[in-house]
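Novice: attaching a predicted model along with its sequence, questions to come.
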Amino acid sequence: QERLVASGGGLVQAGGSLRLSCATSGRALSAYTRAWFRQAPGKEREFVAAVSWRGGRINYAESVKGRFTISRDNAKNTAYLQMNSLKPEDTAVYYCAAGQYYSNDYYREDNYSDWGQGTQVTVSS
C-alpha cells in the first residue's frame with residue numbers, strides 16, 4: 001500500500017523558516033490533490049494549505065497566508081510546505097494528506113483518503 005511520508009519538522013526560533021516535505025512511496029498518489037493540516041496540543045486538527053494535481057488551484061488558511069507556500073514536484077512525487085516568519089502559534093504536528101479530487105470544501109479532512117504520519121514543528125519565542 002502506498003504511503004505518504006512527511007519530513008522536515010524541527011525546532012526553530014520565531015521568525016525563522018522550515019520546509020516540510022511529503023513524499024509518496026509510489027506513483028498512485030502522485031496525481032492526487034495534496035494538502036497539509038496541523039494539530040496543536042489540546043486542539044483539533046486544522047487545515048493549512050492545499051494544492052491541486054497540476055498546481056492550478058491553491059488555498060491557504062487565513063492564519064498562514066503570506067507566510068506559508070505550498071508546492072509540489074510531480075516528477076518526484078513530493079509536495080512541500082515552505083514556512084517563513086514562523087510564530088510560536090505555528091507549533092503543531094503537521095500532517096500531509098492526499099485526496100482524489102480538489103473539492104470546493106478543500107479544508108475538510110474527509111476529502112482526503114491518505115495521510116502521512118506527521119512531523120513536529122516547534123517554534124520558540
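Specialist: Alright, I've got the coordinates. Just so it is clear, the structure is predicted and the values come from calculations on it, not from any experiment.
Novice: on contacts alone, who are the packing partners of the helix or strand harbouring residue 94?
Specialist: Assessed by DSSP states H and E, residue 94 sits inside strand 92-99. Using 3 or more CB pairs under 8 Å, 6 or more residues apart in numbering; DSSP states H and E as the contact criterion, the elements in contact with strand 92-99 are strand 4-7, strand 18-24, strand 33-39, strand 78-83, strand 114-115, strand 119-124. From N, CA and C alone the C-beta is placed, and that goes for glycine too.
Novice: so which of those strands is nearest residue 96?
Specialist: Closest approach to residue 96 among the helices and strands packed on strand 92-99 (CB to CB): strand 18-24, 3.3 Å.
Novice: pretty sure residue 112 sits against residue 97.
Specialist: Yes. Shown here, residue 112 and residue 97 form a contact pair, counting by CB atoms under 8 Å, at 3.7 Å.
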